[in-house]
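Colleague: What follows is a protein structure lacking sequence information:
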């Protein structure tokens, strides 16, 4: 059974930083892409970033490019999301998903397991 557990969310002032973690189990983590998505109240889940199986390929939503950085440690079965220069519009529940293959996409349907989510709140 695949399990993903996110952590690291919280309340931060605008301009601050947070680092999210997502620990995976139950699948050969190093063979699959990982993605981060977020969902704000009343909005659909939206793509944030994804990283390929070996970390060699990444992609970011335009809204977070230059501020967020995704990375992974396959020895620890963990993917990270470093979020800097946070803005109030970054407020959302952040979810990590494990891909169906080695390379990620921007479509949430290409991720078949998800964590429970971690709340990120950015105050102005």
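Modeller: On my side now, so go ahead. Because the structure is a prediction, the values reported are computed rather than measured. Numbering: from 1, shown residues only.
Colleague: tell me the SS of the residue most central in space within the chain?
Modeller: Nearest to the mean C-alpha position of the chain, counting by CA atoms, centre = their mean, stands residue 36 at 2.5 Å. Going by DSSP: H, G, I helix; E, B strand; the rest coil, the secondary structure assigned to residue 36 is strand.
Colleague: That one contacts residue 45, doesn't it?
Modeller: No - counting by CB atoms under 8 Å, residue 36 stays clear of residue 45, with 10.7 Å between them. Just so you know, the C-beta spots here come from the backbone N, C-alpha and C atoms, and that holds for glycine as well.
Colleague: what sits in contact with each of these two?
Modeller: By CB atoms under 8 Å, 6 or more residues apart in numbering, residue 36 and residue 45 have these common neighbours: residue 95.
Colleague: show me the residues around residue 78 that make contact.
Modeller: Applying CB under 8 Å, 6+ apart, the residues near residue 78 are 21, 22, 23, 24, 72.
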